[in-house]
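Chemist: Structure here, sequence nowhere to be found:
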């Protein structure tokens, strides 16, 4: 059996296993939530009503049902692109009409992403104006939706075309170690985006106003001084113009670090609860979770580029995945499409790491604010965001970056005693 057949068989085996496992997990999630929707978990009976618990269950089930549809559409698109050969047919058309590989690469990526963008528009419309609307979360108007769409399109072109042009030139012109230079370029670009996002990109979509609540500002400044956190400002984002979901986050590095609160979270939480949520976010910073995840991401991408460098020189890699001709742009595009099949087993490892970080950040918050305030804040956010209190354990272990609600609250209560 030659190498092409081995790769092709492996491709179909992994594709089948991944698909079946994802649908199995989705089925488990729905069945588990349904089985526990008739009563509120014991730890939450005094804080969450049965109607609120059931709303979260119905919301989770609706999202799972919709995800099955989007998953099916994605599977069909994947099959059309690769096993049915339409990615190769598009490449053959591009080769016949454009001369250089750089130009071909830009056109190929442009057409590929344009087609997938068109396929995704109905899904985005349904998610926003049907699913989110049904459960009372959507605040996006059609005009905001259209404006956001074109802003994202223009921004993707302005940033993506020069990035892709530079990347293709690196692959074409920097010899056998191009994969190392491409990785360095990718990491540099990523850090640049992190630096400019808070002040140049995010304001394109949202308005950021300085925090004006004097009592809350004083409380937060005391917490920041206590924990030794330097920042470039406290801001409130007008998230409510798109959704009623609440959140808070850090963004940027060094002097560009900002603390951002969704305006929705300030309306639903007390001053002490906001302080506890911020203390949790500070815990991520103090434990260097963001840096650790960036290091892991950097190492993973370095390995990915090294493997891509090997695949780039292997005609068998292209042929086994239904592509006729070797080229720099098709190597990148093809690797981007098939790598999730070969790395799916890593998903729970990243989830485990993320949940460990959440527990550490909760412990930091309990030590620097008040565990009970964080508990009440989390309960309020579970209610506001209609997060299910009873996810399927296996589904949660595979996909969820945060611990289940019952585990997290139990952990916090152990810290407050």
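Modeler: That came through fine. No experiment lies behind these values; they were computed from the predicted model shown.
Chemist: hey, let's count contacts and neighbours off CA atoms from now on
Modeler: Fine.
Chemist: List the buried residues in the host helix or strand of residue 61.
Modeler: Using DSSP states H and E, residue 61 falls within helix 50-81. Buried residues in helix 50-81, counted by 16 or more other CA atoms under 10 Å: 50, 52-64, 66-68, 78, 81.
Chemist: so how far is that helix off the chain centroid?
Modeler: Centroid separation for helix 50-81 versus its chain: 16 Å, with CA atoms, centre = their mean, to the nearest Å.
Chemist: One more: stretch 104-124?
Modeler: For stretch 104-124, the distance to the chain centre is 19 Å (CA atoms, centre = their mean).
Chemist: So the protein: which segments form each domain?
Modeler: 3-138+291-349, 206-268 (automatic domain parsing).
Chemist: And the next helix or strand past the helix holding residue 61?
Modeler: helix 86-97.
Chemist: any idea of the angle that following helix forms with helix 50-81?
Modeler: 50 degrees (axes from the mean of the first three to the mean of the last three CA atoms, to 10 degrees).
Chemist: just checking, what packs against helix 86-97?
Modeler: helix 50-81, helix 101-126 (3 or more CA pairs under 8 Å, 6 or more residues apart in numbering; DSSP states H and E).
Chemist: go with 10 Å
Modeler: helix 50-81, helix 101-126, helix 328-343 (3 or more CA pairs under 10 Å, 6 or more residues apart in numbering; DSSP states H and E).
Chemist: following the worst-scoring helix or strand of the chain on mean pLDDT, which helix or strand comes up?
Modeler: Ranked by mean pLDDT, DSSP states H and E, the weakest helix or strand in the chain is strand 248-251, scoring a mean of 75. The element immediately downstream of strand 248-251 (helix or strand, assigned by DSSP H and E) is strand 258-262.
Chemist: Other residues contacting that following strand?
Modeler: Strand 258-262 is contacted from outside by 198-199, 208-211, 230-240, 244-252, 274, 278, 281-282, using CA atoms under 10 Å, 6 or more residues apart in numbering.
Chemist: List the residues that contact the closest residue to residue 86 other than its chain neighbours.
Modeler: Nearest residue to residue 86, sequence neighbours excluded (CA to CA, 6 or more residues apart in numbering): residue 80, at 6.0 Å. The contact partners of residue 80, by CA under 10 Å, 6+ apart, come to 74, 86-87.
Chemist: from these, which is closest to residue 355?
Modeler: Of all the contacts of residue 80, residue 355 sits closest to residue 74, with 27.9 Å by CA to CA.
Chemist: Wait, the closest one touches residue 337, no?
Modeler: No: counting by CA atoms under 10 Å, residue 74 does not reach residue 337; the two are 11.3 Å apart.
Chemist: Let's verify residue 40: helix, strand, or coil?
Modeler: State at residue 40, reduced to three classes by DSSP: H, G, I helix; E, B strand; the rest coil: coil.
Chemist: what does the model give it for pLDDT?
Modeler: Looking at residue 40, its pLDDT stands at 94.
Chemist: Just to check, it is in contact with residue 50?
Modeler: Yes: taking contacts as CA under 10 Å, residue 40 lies within contact range of residue 50: 5.9 Å.
Chemist: which one of the domains of the chain has the lowest average pLDDT?
Modeler: Among the domains of the chain, domain 206-268 scores lowest, at a mean of 84.
Chemist: Pull the contacting residues for residue 31.
Modeler: Contacts of residue 31 (CA under 10 Å, 6+ apart): 25, 61, 391-392.
Chemist: would TSV of the residues you listed with distance to residue 139 and secondary structure be doable?
Modeler: Output for the contacts of residue 31, formatted as TSV (distance: CA to CA, whole Å; DSSP: H, G, I helix; E, B strand; the rest coil):
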residue	distance to residue 139	secondary structure
25	31	helix
61	21	helix
391	27	coil
392	30	coil
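Chemist: Going by distance to residue 288, which of those wins?
Modeler: Of all the contacts of residue 31, residue 391 has the smallest distance to residue 288: 28.4 Å, by CA to CA.
Chemist: now the angle between helix 328-343 and the helix holding residue 61, please.
Modeler: For helix 50-81 against helix 328-343, the angle by the same axes, to 10 degrees is 130 degrees.
Chemist: Can you report how many residues neighbour residue 244?
Modeler: Residue 244 is flanked by 20 other residues according to other CA atoms under 10 Å.
Chemist: Sketch out the helices for the stretch 101-250 of the chain, chain order is fine.
Modeler: Ranges of helices within the stretch 101-250 of the chain are 101-126, 132-134, 142-173, 178-196, 202-205, 214-227, based on DSSP state H, counting those that start in this stretch.
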